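Undergrad: Just to be clear, the model below is a prediction. Sequence and coordinates:
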Amino acid sequence: MLISKILIGISAAILLATSTVLTGASVNAQNQVTINGAGATFPFPLIDTWRVEYKKVHPEVNINYQSIGSGGGVKQFTANTVDFGATDAPLTQNETQKVPGAVHIPETIGSVVAAYNIPSIPDKGLKLTGEVLADIFLGKITKWNDPKIQGLNKDKTLPGDDIVVVHRSDGSGTTYVWTDYLSSISPTWKEQIGKGKSVEWPVGIGAPGNEGVSNAIKGTANTIGYIELSYALTTNTPFAFVQNKEGNFVEASLNSTSAAVQSYVASLPKGDGVWTDVTLVNAPGANSYPIASFSYLLLNKELTTNPNIDQVKAKALVDFISWGITDGQKIGESLAYVPLPDGVVKLNQDTLKSLTVNGKPIT
């Protein structure tokens, strides 16, 4: 009898423990939140690393991010098919009209480099000016040993091979930054081509994403194309030192990109202000790299404008971005992303505080 009671007691304890575990698992499953984003390829390595690291802090939050280009990110954000969009180009006036409640949150800073594959010059450091780059991408300079290039690089023997231009084939914030820079330097480029996430390229071959352009450059001799600095570093692709506003040839780096940002911080609009004309290209300063840009996250100021976002997801989304613009910035440095200056972090924090769910602050 005593043994029977003991066995019954053990069985009851096991059932209670099992029930507790199952209930805990059920609650944990119910508490899972999935946040979906899409857009720029430039911040993909950063956001993907954030996804992994944030999971260690908040295991209940799953981050999905599709690296489809800034143009695709803006479209999906506008259509409310993702919880946040990502773009290296601020919203245009027309795009803003489609999402009047959108806010811009700079998530990181990067630079775009002129990467090349010249077999006889395997190292980085070819000197190029904005005018020469514009003429190459206009199809006016077609040989690597053109006098305009050779004159800038008297210490190098450039080949007489044809230059193969590589550009983005998709709507791209990186293209926006590149064409914004060329427009600021070359009146001809500004008049004939202009700036935008997509432009009518006079010459060259197209490839999708920073990844695609990087692969095309690496895989084809005598190419030149524009990619984000982190992609050049991770693929070990040589890139040019570009002449800045002060006349210095500057290597893209965390320090030279950071130097380009400092002079613009005080003049930035509020998160829900007009960002259309915000630019970091051709910045003043002896050490400033001239082709720098913010990369932005896009959110609705009233988060429930997106029917897929409820109170729980809104809180998780804001908490994730708040972590990204603070603790997440330390992760970015190891991936060649420039940390946000304190003034931009404060601006972002004020923007996050202004977001609402059903007209009320997020708690």
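TA: Arrived safely, thanks for sending. Note that the structure is predicted; figures quoted are calculated from it, not measured.
Undergrad: Which residues are in contact with A266?
TA: Taking Cβ atoms under 8 Å, 6 or more residues apart in numbering as the criterion, A266 is in contact with G343. C-betas here are computed from N, CA, C, even on glycine.
Undergrad: Quick one, grab the pLDDT at it.
TA: Confidence at A266, expressed as pLDDT, is 88.
Undergrad: Is it located within a strand, as I assumed?
TA: No: using DSSP: H, G, I helix; E, B strand; the rest coil, the assignment for A266 is helix, not a strand.
Undergrad: contacting residues for D161?
TA: Contact analysis of D161 by Cβ under 8 Å, 6+ apart lists 143-144, 221-222.
Undergrad: So of those residues, which two are at opposite extremes in space?
TA: Greatest spatial distance among the contacts of D161 (Cβ to Cβ): K143 and A221, at 13.9 Å.
Undergrad: K98 is in contact with N80, isn't it?
TA: No: in terms of Cβ atoms under 8 Å, K98 does not count as a neighbour of N80; the distance is 11.1 Å.
Undergrad: So which residue is dead centre in this protein?
TA: The residue at the geometric middle of the chain, judged as the C-alpha nearest the mean C-alpha position with Cα atoms, centre = their mean, is P43 (3.1 Å).
Undergrad: which residue packs closest to that one, ignoring adjacent ones?
TA: Distance criterion Cβ to Cβ, 6 or more residues apart in numbering; nearest residue to P43, sequence neighbours excluded, is S295 at 4.6 Å.
Undergrad: mind checking pLDDT for the one you found?
TA: Each residue has a pLDDT score; the one for S295 is 95.
Undergrad: Okay, now the sheet partners of the helix or strand hosting it, with direction.
TA: With secondary structure defined by DSSP states H and E, S295 is part of strand 292-300. Sheet pairing for strand 292-300, assigned by DSSP bridges, gives strand 84-87 (antiparallel), strand 102-117 (antiparallel).
Undergrad: so which of these comes closest to Q93?
TA: strand 102-117 (12.3 Å).
Undergrad: Following the chain onward from that closest one, which element is next?
TA: Toward the C-terminus, strand 102-117 is succeeded by strand 127-128 as the next helix or strand (DSSP H and E).
Undergrad: For that following strand, enumerate the helices and strands it packs against.
TA: strand 241-243 (3 or more Cβ pairs under 8 Å, 6 or more residues apart in numbering; DSSP states H and E).
Undergrad: same for the strand it packs on, what does it pack against?
TA: Using 3+ Cβ pairs under 8 Å, 6+ apart as the contact test, the elements touching strand 241-243 are strand 127-128, helix 130-138, strand 249-250.
Undergrad: Quick one: distance of the first one to the chain centre.
TA: In this view, strand 127-128 has its centroid 25 Å away from the chain centroid, taken as Cα atoms, centre = their mean, to the nearest Å.
Undergrad: Out of the helices and strands packed on strand 241-243, which is the most enclosed?
TA: Comparing the helices and strands packed on strand 241-243 by mean neighbour count (mean count of other Cβ atoms under 10 Å), helix 130-138 ranks first with a mean of 22.
Undergrad: moving C-terminal of that helix, what's the next helix or strand?
TA: Along the chain past helix 130-138, the next helix or strand (assigned with DSSP H and E) turns out to be helix 147-150.
Undergrad: Flag every buried residue along that next one.
TA: For helix 147-150, the buried set under the neighbour-count rule, 16 or more other Cβ atoms under 10 Å, comprises I149.
Undergrad: Check stretch 95-108 too.
TA: 95-96, 99, 102-108.
Undergrad: Please apply the same query to stretch 305-322.
TA: Of the residues in stretch 305-322, those buried by neighbour count under the rule 16+ other Cβ under 10 Å are 306, 309, 313-314, 316-322.
Undergrad: which one of the helices and strands packed on strand 241-243 lies closest to P202?
TA: Across the helices and strands packed on strand 241-243, the minimum distance to P202, taken as Cβ to Cβ, is reached by helix 130-138, at 5.4 Å.
Undergrad: who's in contact with the closest one?
TA: Counting by Cβ under 8 Å, 6+ apart, the neighbours of helix 130-138 from elsewhere in the structure are 114, 141, 148-149, 152, 163, 165, 167, 181-182, 184-186, 188-189, 192-193, 201-204, 224, 242-243, 282, 290.
Undergrad: could you check the angle strand 102-117 makes with that helix?
TA: Angle of helix 130-138 versus strand 102-117, following axes from the mean of the first three to the mean of the last three Cα atoms, to 10 degrees, is 80 degrees.
Undergrad: CA atoms only for helix 130-138, dumped as CSV, please.
TA: Provided in CSV are the C-alpha atoms of helix 130-138 (Å, rounded to 0.1, in the frame of the first residue of the first chain):
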residue,chain,number,x,y,z
GLY,A,130,34.9,63.1,-59.2
GLU,A,131,35.2,64.6,-62.6
VAL,A,132,37.1,61.6,-63.9
LEU,A,133,34.6,59.2,-62.3
ALA,A,134,31.8,61.1,-64.0
ASP,A,135,33.5,60.9,-67.4
ILE,A,136,34.1,57.1,-66.9
PHE,A,137,30.5,56.5,-66.1
LEU,A,138,29.4,58.8,-68.9
